[in-house]
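Q: based on what follows, work out the 3D shape:
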Amino acid sequence: MDFHGIPFFAITHPSGRPSHEEFIISSAGFWVQHAENEWLLTRRPDLQSQQAPMKKGLFAFNVLASVAYAGAAFAKTGPEERDTRGMAASARVDERLIGALVLAPALLDAWRYYHPDTKWATWASRGVKVGMVVMVVR
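A: Down below sits the predicted model:
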């Protein structure tokens with residue numbers, strides 16, 4: 001597959017899953033990214049000032065991947081198998097809403113990285129992350 005000339009691969013699952021299963025499958029990667037960032041920022045709130053290149057790299061990848069996926073969701077572009085489209089279709093919402101739900105914790109976690117003492121960003125980020133999981137029961 002390619003995305004506007006950038007080659008990549010996609011792992012798909014059989015279609016026809018119940019909508020809550022489709023949402024879980026499509027959301028799983030984002031949930032892992034959010035959980036990893038939560039773990040990193042909770043265990044090491046001052047990560048920015050530490051010598052931890054692997055942890056910083058993992059954090060940066062998670063944030064940048066979420067930004068890229070959100071951009072594709074806002075533009076409604078990319079392959080039919082994109083996760084944000086699968087989440088939106090299964091939750092019966094506009095894909096741009098899913099893009100916002102993917103982008104918000106990434107931006108809040110980036111804020112937390114640079115401003116580790118900001119309690120509002122910590123709880124706002126966690127709230128959005130939990131909200132994405134709760135969408136399964138929608």
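
Q: which residue ranges of the chain form helices?
A: Assigned by DSSP state H, the chain shows helices spanning 19-43, 53-75, 83-91, 95-114, 119-134.

Q: how about the ones you listed in a markdown table, adding mean pLDDT?
A: Converted to a markdown table, the helices of the chain look like this (pLDDT from 0 to 100):
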| stretch | mean pLDDT |
| --- | --- |
| helix 19-43 | 93 |
| helix 53-75 | 96 |
| helix 83-91 | 93 |
| helix 95-114 | 97 |
| helix 119-134 | 94 |
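
Q: with mean neighbour count as added columns, please give those in a markdown table.
A: All C-beta spots, glycine's among them, are computed from the backbone N, C-alpha and C. Listed next are the helices of the chain as a markdown table, based on neighbours: other C-beta atoms under 10 Å:
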| stretch | mean neighbour count |
| --- | --- |
| helix 19-43 | 17 |
| helix 53-75 | 16 |
| helix 83-91 | 22 |
| helix 95-114 | 21 |
| helix 119-134 | 16 |
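
Q: ok, the closest residue to Arg85 other than its chain neighbours - contacts?
A: Spatially, and ignoring its direct neighbours in sequence, Arg85 is nearest to Glu95 (5.7 Å; C-beta to C-beta, 6 or more residues apart in numbering). Neighbouring residues of Glu95 by C-beta atoms under 8 Å, 6 or more residues apart in numbering: Ala73, Lys76, Thr84, Arg85, Met87, Ala88.

Q: ok, which pair from those is furthest apart?
A: Greatest spatial distance in these: Lys76 and Met87, 12.9 Å, computed using C-beta to C-beta.

Q: closest to Trp39 among the contacts of Glu95?
A: Closest approach to Trp39 among the contacts of Glu95 (C-beta to C-beta): Met87, at 22.6 Å.

Q: quick check: the closest one vs Val130, distance?
A: Plainly put, Met87 is 16 Å away from Val130 if you go by C-beta to C-beta, to the nearest Å.

Q: what's the answer for Glu38, then?
A: Taken as C-beta to C-beta, the span from Glu38 to Val130 is 10 Å.

Q: how much space between the residue nearest to Arg85 and Thr84?
A: Counting by C-beta to C-beta - Glu95 and Thr84 are separated by 6 Å.

Q: noted, bye for now.
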